[in-house]
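[1] What shape does this take:
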Amino acid sequence: MKALELIPARKQALPNDDEFLWRYFDLHKFLNLLQCKTFRFARMDQFEDPLEGIPLSALIVYHAKLDRNLIQNITLSELILDPNLAKDIPEELRRRLNAINGIQKSTFVSCWFYEQRESVAMWNLYSNPDGIAVKIPFGNIKKLLKVDQVDISAYYGGLVDYQDFTKINPFQTNSALKTGKVALRKDKSFSHEREFRFVIRTNTHKTEYTGIDSAPINLKRLGLQVVCHPRMTAWKKENIRGLLKVDGMHNALAPSQIQLR
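    Here you go, the predicted structure:
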């Protein structure tokens, strides 16, 4: 089993051990967590953003071709989503697209929200009035989140670096834009997600599985707190409390700090 190597993006400080990472679930995903006691690493090409895992060099090549009118009316996202469009683009960029495809299909990510308070935006994006959020001290999950896969080439974590992909200068030499791990780079339009990521790289992108589950975790040792959606009714909260008691987490339920009309 590979040791977890924590890599901060652009030399940002990692969370303190007593700071929290959050996950916002619908009820069924929460029930799955209680039953399986695992967290899912999703393959990067399954994410909604086609620009996941883009190396800076690929962005620079794309914008250089665009500036020289060698590509017209085709966005980089469209090229990634539809390989048929690549037949009429310069060979150098076609090679970059193949590399992006390999990165996305060999990279698996567990995404967390890095914040010390609840977020109304995250409730709205990833849950509903029956939803659940779990918050876990960073130091606990750093130690307990493990993966047992024989084909893993790298396993690391870090804060996501949000950059404006539309303003990459094809002739720039600014090393501050470079992110050592491309899985920790996202377009600035996603900056509201405030992500911390645990990332797995496999030795090959020729794989059929679209996700990898962590090794089972003792949820009590995680020290997790479970927060119900601020609109959840009282009797449903009691149901959640009962489920937690069955797993021995009698004091894990925490009240929401958000008040809504």
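[2] For the rest of this, base every contact and every neighbour count on C-alpha atoms.
    Will do.
[3] For the stretch 151-261 of the chain, give me the ranges with low pLDDT.
    170-180 (pLDDT under 70).
[4] need the strands for it, in chain order.
    With strands called from DSSP state E, counting those that start in this stretch, the stretch 151-261 of the chain shows them at 152-159, 161-163, 185-187, 195-202, 211-213, 225-228, 253-254.
[5] Make TSV from the ones you listed and add distance to residue 39 to it.
    Compiled in TSV, the strands of the stretch 151-261 of the chain are given as follows (distance: least, Cα to Cα, whole Å):
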stretch	distance to residue 39
strand 152-159	14
strand 161-163	23
strand 185-187	22
strand 195-202	11
strand 211-213	6
strand 225-228	15
strand 253-254	19
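[6] What are the boundaries of the strands in the stretch 1-150 of the chain?
    Going by DSSP E, counting those that start in this stretch, the stretch 1-150 of the chain shows strands at 5-6, 20-25, 40-43, 107-114, 132-137.
[7] the longest helix in the protein is where?
    Identified as the longest helix of the chain according to DSSP state H is helix 91-105.
[8] Report the angle between that helix and strand 195-202.
    100 degrees (axes from the mean of the first three to the mean of the last three Cα atoms, to 10 degrees).
[9] Distance check, the residue nearest the centre of the chain against residue 75.
    For the chain, the residue nearest the mean C-alpha position is residue 111 (2.8 Å; Cα atoms, centre = their mean). Distance from residue 111 to residue 75, counting by Cα to Cα, to the nearest Å: 26 Å.
[10] The residue nearest to the centre of the chain bridge partners, please.
    Listed by DSSP bridges, the beta-bridge partners for residue 111 are residue 197.
[11] Enumerate every residue touching residue 6.
    Residue 6 is in contact with 156, 157, 158, counting by Cα atoms under 8 Å, 6 or more residues apart in numbering.
[12] quick one: contacts for the closest residue to the second one other than its chain neighbours?
    Put plainly, it is residue 157. Nearest residue to residue 157 in three dimensions, chain neighbours excluded: residue 198, at 4.2 Å (Cα to Cα, 6 or more residues apart in numbering). By Cα under 8 Å, 6+ apart, the contact list for residue 198 reads 109, 110, 111, 155, 156, 157, 158.
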